[in-house]
Each structure stands twice: as C-alpha cells, then as structure tokens.
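> Got a sequence here, can you model it:
(chains A and B)
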Amino acid sequence: MINSSVLSQIKTIVDNGKFLTSQEDKISYSYDGTPLLEFFPDAIVKPTTTEQLSRLFKLANKERFNIVPRGSGTGLSGGSIPVENCIVVDMSGWNKILEIDQENLTAWVEPGVITEQLHKEVEKLGLFYPPDPGSMSICTIGGNVAENSGGLRGLKYGVTKNYIMGLEVVLPSGEIIQCGGKTMKDVAGYNLKDLFIGSEGTLGIFTKILLKLIPKPQTSKTMLAFFNSPIDAGKTVSAIIANKIIPATVEFLDNVTIRSVEEYAKIGLPTDIASLLLLEVDGHPNVVEDEAAKVVECCKANNSIEVRTAKTQEEALKLKAARRAALSALARAKPTTILEDITVPRSEIAVMLQKIDAISKKYNILIGTFGHAGDGNLHPTCLTDERNKEEISRVEKAYAEIFEEAVKLGGTITGEHGTGLAKRKFLHLVTGQTSIDVMRSIKKAIDPNGILNPGKVFTIS
Amino acid sequence: MKSNFTLIDPPSNDVITNCMHCGLCLPTCPTYQLTGLENSSPRGRIRLIKSVAEGKLAITEGFIEEMNFCLDCQACETACPAGVKYGSLVEAARNQIRLTERETIKEKILKRIFLRGVLSHKFQLKLVARLLYYYQNSGAEWFVQKTGILKIFSKKLNKIQHLSPRIDKVFFDEQYPEILKPEGETKYRIGFLSGCIMSVAFTKVHEDTIKVLLHHNCEIIIPKNQTCCGSLQAHNGDFDIARELAKKNIDVFLEHELDAIVMDSAGCGALMKEYGHYLKDDPVYSEKAKKLSAKVKDLSEFLFEIGLKNSDTLFNHVVSYHDACHLVHAQQVSSQPRSLIQNIPGVRYVELPEASWCCGSAGIYNVVRNEDAEKVLSRKMKNISSITPEYLVANNPGCIGQIEHGLKEQKLNVRVVHLATLLREAYGL
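Numbering: from 1, shown residues only, chains lettered A, B, ... in the order given. All right, here's what the predicted structure looks like:
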C-alpha cells in the first residue's frame, strides 16, 4: 500500500488532472480485457502534462511505488492490470490528433487517440493508416504501440510497428526522450524507437507518437468463401499465397465462431458450414478485379462450397465489423472466453488447425477458432465458465499443449496481443532463457528500480 | 463472501458473468463519453454490481450515484457482441437501492410519490394533470415565468419547469369509446394502450395513431380498465409496482381476441414486451405475460408488417428520424420506421448523424438529473443542426419533449413529430 503522505504528493503533482482513490474507482480500474485477472490499484491518476508524468516517475523512484500505464483497457494479455503498490496512469484523456502532414504523409498524435477516430480523420484526406485491431472502435494508439497490435489488414500492410516513425517517451527515470522523426532514413545510433514498440508499457510512457500514413487504396473487393472442412480453408490460404497474391485480409472462422457471430450480427452467414474465409483484395481497380478472380479460383480448387462477393461497400464493412466482434460474440455460447494468439508460419495453418482440434478433444473442452489465417495468426478461444474450476484447469493444460505445438511448427505463443501477465510463463518456449536475460538487463538499464509495470512480460528478478 | 444485495430480485449472476469486459460498449455510452471514467461505463458498472454481489463492495453512495447516472439507454446492449442484458442489471440494482432504503429524500419524493402515487393511479393522475392544466392555462405559469419568481424558491425547479409536458384540455379516455371501428372492412383487431402521461399530455399523438390505424382497416379496442404500463417504475427500479400494473393490464387486454397491441410510446412498448421477463417466476401470470408480450408491437413495426396504403398526394418535405433508445436498443426496431418514412411519396429522407445516440430524456432522467441530461442533449442538437430537416420523427413522447426543448433553446426551425403525426399529415387524414 502506498502511504497517505505519498498519495497526497501524487495528488499535488497531477494538480488539475484527475486523482481517484475511492473503492468504486479502484474496482473500475482493476481489470482490462483479459479474462480471470484483476488487482486493485492504490490510486488512479489522469495526468495532463508531460511534466506531471515526469514528476510522477521521479517520485515513484524516490518513494518506491509502481506505475501501471493504461489506455482504454482493452488489452488481452493483462498488460494494464494493476500490480501491488501501484498507481494506474490513465492516458485515455490524451486524445488529440496534433498534426496531419500531407507532404510527408505523417501524423503526430497523442497516445489516447482512438484508432478508429484516426482512421476516419486521415481517410477524409484520402490517406490510410492500416493497423486495425479488433477493438479499434475504442483502443488507443498508445496501447497499440505498446502492444505492437496487428489486425485484419496485417497480411498485406503489416502491423503497428511498420507505421511508427517517431516517439516522445517519458522514461522511468522521469527523463524525456524523442526518437525517430519524419525522415524516411535514419541510422544515427541504436534504433531506440523500435525498442519501445511492443515493450508492453515496461520501458516508458508515450506522450507523442509520429505515424506513417499511406495513400488510401482506390478500391477493394470483399468476399466470403464457405467450406465443409477447416483443413480445406487452411489449404486455400496456402494456395492463394503460393499464387503470389497478397490479399489485404484473409480471416478464418470456424463453425462455433460463425454461429456466435451470426447470432449477434445477423448478416446471413450459413450456420451449418464447418468454416469460412473472409477475404479482401484492394488496390488499383484492374488489379483488384484480376486478383479477386484468382482468389475465387483458389477457393474453388480447394473445395469451397460457395463464394459470395459483397455487393456494396456497406455490406463489406458489415462483414468486417462482424468479424471484429468474433471474440466477444463467442461469449454468447459460454460466459468465459479464454483466447490465445498463437502464430505459425502460414504454410502450417492447416496442420495447426488439426492440432487444435485434437487437443480440444483430448481435454474435452469447447474451442472456437478464428483468426488472421493469412498471416498465420490464430485465436483458438476456449469457451468455458470461470466458476467451473475443474474445467479451467483442463483449459490451462490444453493451452500449454497448444503453445508447445505452435512453437514446434516454428511459430510463437503470441502474434499480436503481447505476453503481459497471461503468457509470461510460456515466454521461454519461444525466446529461450538467454533472450529473457537480455530483456531483463535492458529493463534494468532503463528502469533500475523496476517501478514501471513490473512483472509484465517477465518477472523482474 | 455474502452478497450485499437482498435475496429479492438481485441482479442476475448469469448476466454479470456473461460480460467478458472487452470494452466494446465504451464508445457507445453517453455517460462514459461525458466523464472518460471507467466507473461510468457499462463495463465499469457491471463490475461494480458484481462487486456488490460478491460482497466486496457495500451499496455505497458512489455505487448509487453510478447506477443513477446511467441513462439506461441500452446503447451498450446493441453494441455488445456477447449479448449482455445490461439494462436488466442496472434496473435490478436500482430496485436493490430502493429495497435497502438507500434512496435520497429527493428520489423518494420523486419516485414514490410521482411514479407510485400519481402515474400508477388514474384518479390521482387526472387530478394532478387537471391542476397542472389550470396552472399552465390560467396565467399563473405565464406570471411565474415572466417574473422568474420560482428562482427564489428553487433554482433547480426553475430550470426544469419547461420540461413539464403541456397538459391537454380533454384527456384521451374522455374522448374515445372503448371500441372504434374502421369505415371499410375490418382486417385487424388491435389493442391500444392509452397510458399515463400519454393520455393526459399526448392526446394528439394518440389521435393521430388512431386515425392512421383506422385508415389501415384496424378495429381498435381501448380497454376501459387498463392502467399505466409500469415502464417508468420498472426502469427506475420499482419492480413491485411495475408487476402490479403489468398484471392488471394482462387481465384486461387478454379478455379480447387481438391480432396485436400497438404502441405509440417506445418506453411503454419496451416494457410491455418484457412483461414475460418480469413475471417469469409468477405461477399465475408467467404464461399469460408471455402471451401478452408476444402481441406487443410498435406502430412502425405493425405498419411495416401490414404494409402502408398508397397515398395520392405528394408530401414534399425533408424528413429525418431520431431513434428512441427504448425502440432501437431495447426493442431493436430501427429499419422499419425509416423504411415507412422513405416510402411516403414526395419525402426526401436525410439520415441524422448518430441517430441512435440518446437525447437525454431517458424517462424522468431529464427531471432528476437535469444538468447531465442537458449535456447529453447538446450532442443531439449538434447533429440535428448539421442537417436541419423540416420534420424530425421521434416515436417516444419523452424524446419529443426533450428535443423540442433543445430546438427552442437553439432557435432551430425543425418540427419534431411522432411517426403517426407525419403519416396522418401525409395521408391528409
């Protein structure tokens, strides 16, 4: 517990910003989007200036309390779950787009800008910011950078890290640094910017972010392909890539997910099929026509029972929005949804789907799988009930096995959600112990007292 | 730990567990958008309710404040992919606050005297309405407003006095017989709820609804012994009286063979469709309630199903549509009214930006929490002024009053009408 004299110093520092300590406040900031995790912070603050943040860090080092940064709290690995002896620093109020530079195709934003808001603003100018995580209607750019978030368009356009050109960061020491900038090339010194991307709030808090924008694709075509077997869907993905077509989006949904999504969104998906692929190609109109035709061919050659094309842009948007809601929609079937985020080389998608199926049968649990099949990123989601402790323990065993299989296939335990608290005990499977030791020494160099989001990604000692 | 709720109608544990706290409700919540605080979001409130249910939080002042701050607009339910019935949780929590005697004096006066004493009894309702009519029409109101004398007694009261609905000279049930027959053949037999506030202050909307229904060959039955539907009571957490009223209505409406019970107030329709839910554990009424609920339809739903009659005249006006929360979110009715409006010959339909964002009326919210309601209203006003249509259709009396008030403040020339009024004018009935 942080003692009351320190709390009052914290209150003085945040000055005009919010300082919250009631029991109701602590409850409301004890969780994020991750299942089964919660912890009460000692206070929640909403600082309004970089200087306030810097002073908070200095006080934290002096008085040895912890700081846990938070955006909208939609993370899925526990990155913003409070820890012992901590204050939550809520950055969601920093929500201004500071500049859109049409000559350099960049945007300076504050970390609390909502991802979808940014999409809307830049698209008005014919520009495009591709990263589109499932929670883009409420997640923040700051959180996206901290988690290096992906999304539906990752296959063709990459993920958040591919669009970060510069950062202003308040370090755990309280010092403020700028890294990167508007230049397309820059090899001066170590690439510190990339160190902070995906650092899960353990190395610094962003106060300004410089984003790369690209011209908005002229047109796009969205298709749905239905399959009687998930394996055929997996093979179709490999066939499309082998045909040298890189669609913007290739999303996979299995039967359990299809049924939940249809119940929520009512978009006319057949609920009796084994799986479907949601595909989108975009770019120059001629290229789009050509690629769409080839994609349809690949689907048919791999036993697709039907391929539908969205007739209007509105229909296409509805299909993608429904897919984004997949995880939450699965909670219709069972109250607790525990999802994972394994990623395998995309040639191994069909194999991984078979492994997941076998493991769910072995442990007698219900798994709905959906994900970004095009980039090998799958979200097997276990449908369970947190009140059933016995089943939860079987779920944990099943996931341990799924992680092992993914790593064996040359994959990773998390593609876009981060390690956080939820997956840190499996991190060594992918990185090896030496890499974790290197990460620890980096953490120690930047945050010697371990005051910033300690215990996330790996344990401190 | 032991729950801090009573054993009577506690918020459902299954619904609480159904929330997987993904946060997709946050961008749709008017109160979260106002404060930016997790406590005033649907996800935060569910966690607070969960904490009380688990005995980790008492029914504190802070808890009560958050439950009452909620507009119960249920926009979060439309947004929720997991299908969490948030409204049922917050209403149950309000009922718990009442049961544990934790309301403030102000709330007690408002909710118990007004909702229980006045709205729930025809005689008292008419008496109060009659008094209010004389106040509004004798010159007393003019005197009070001109002199600003009310400010001396209560600044707050002075601010909300305009929200009082204009009382009609002749009340609805004094004008109409129990059974109305259409001129031509009878194709449908319709039950009609005259309601509480609707019957003393929105007679015009009722009249328009009846004209439109008669025009569409409906025989209309307005059971004499019917009562207030109980929606304001239930949504504000007074389940006892809501159930009492529901039972009375079930008895009087089920006496008749009806094709549908057609509603012209979204709030009433939302609750009557939920009678089955509120009485699910009642041995005598559970089945009857379900039967009644299945017959309830909003006017727009009903007309959309039977199809509008052709009109020979052109209605050359620009029309837009505001979604009443209790229609779009609670009843999931949104495409039907739009389609009806768009099909009126001559109409140029313009979609209102953020049409399904609450206007701040929210039952009695704009009276009890006027300042918050005004903030919510200002967003609606910004959207209306961006298109300034000639007509704005809203299918709920509360919304009509609230938006009219906003328009008056902003001196915007837009007519807010019920769909029935628009149709009546379009048909020239």
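
> Write out the residues of the stretch 101-250 of chain A neighbouring chain B.
A:Ile114, A:Ser135, A:Ser137, A:Ile138, A:Cys139 (CB under 8 Å from any CB of the partner chain). Glycine gets a C-beta too; all of them are placed from N, C-alpha and C.

> how about the nearest residue to A:Val159, chain neighbours excluded?
A:Gly150 (4.3 Å; CB to CB, 6 or more residues apart in numbering or on different chains).

> For A:Ser199, see how far away B:Cys325 is.
Look at B:Cys325 and A:Ser199: by CB to CB, to the nearest Å, they are 42 Å apart.

> what's the answer for B:Lys50, then?
32 Å.

> what's the answer for A:Met91, then?
For A:Met91, the distance to A:Ser199 - CB to CB - is 15 Å.

> got it, and A:Ala406?
From A:Ala406 across to A:Ser199, the span is 23 Å (CB to CB).

> neighbour count winner among those two?
A:Ala406 (29 against 26; other CB atoms under 10 Å in any protein chain shown).

> separation between that one and A:Lys423?
12 Å.

> what's the overlap in contacts for the two?
Any residue near both A:Ala406 and A:Lys423 by CB atoms under 8 Å, 6 or more residues apart in numbering or on different chains counts here, and that gives A:Ile413.

> which parts of the stretch 51-200 of chain B sit against chain A?
So the stretch 51-200 of chain B meets chain A at B:Ser51, B:Lys56, B:Leu57, B:Thr60, B:Gly62, B:Phe63, B:Glu66, B:Cys80, B:Pro81, B:Ala82, B:Gly83, B:Val84 (CB under 8 Å from any CB).

> Quick check: the two most widely separated of the residues you listed?
B:Thr60 and B:Pro81 (30.9 Å; CB to CB).

> Comparing the two, which residue is more hemmed in?
Legend: neighbour count by other CB under 10 Å for B:Thr60 and B:Pro81, higher for B:Pro81 (26 against 16).

> can you pull the contacts of that one?
Residues near B:Pro81 by CB under 8 Å, 6+ apart: A:Val261, A:Tyr264, A:Ala265, A:Ala325, A:Ala326, A:Leu327, A:Ser328, A:Ala329, A:Ala331, A:Arg332, B:Cys22, B:Leu24.

> Pick the one among the residues of the stretch 51-200 of chain B next to chain A closest to B:Gln410.
B:Glu66 (30.4 Å).

> Alpha carbons only: can I get the helix or strand containing the closest one in CSV?
Secondary structure from DSSP states H and E places B:Glu66 in helix B:61-69. Output of helix B:61-69 as CSV, limited to C-alpha atoms (Å, rounded to 0.1, in the frame of the first residue of the first chain):
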residue,chain,number,x,y,z
GLU,B,61,-23.1,6.5,-2.1
GLY,B,62,-20.7,6.1,-5.0
PHE,B,63,-22.4,2.9,-6.2
ILE,B,64,-25.8,4.6,-6.0
GLU,B,65,-24.5,7.6,-7.9
GLU,B,66,-23.2,5.5,-10.8
MET,B,67,-26.5,3.5,-11.0
ASN,B,68,-28.5,6.7,-11.2
PHE,B,69,-26.0,8.4,-13.5
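
> for it, packing partners?
Under the contact criterion of 3 or more CB pairs under 8 Å, 6 or more residues apart in numbering or on different chains; DSSP states H and E, helix B:61-69 touches helix A:23-28, helix B:42-53, helix B:86-99.
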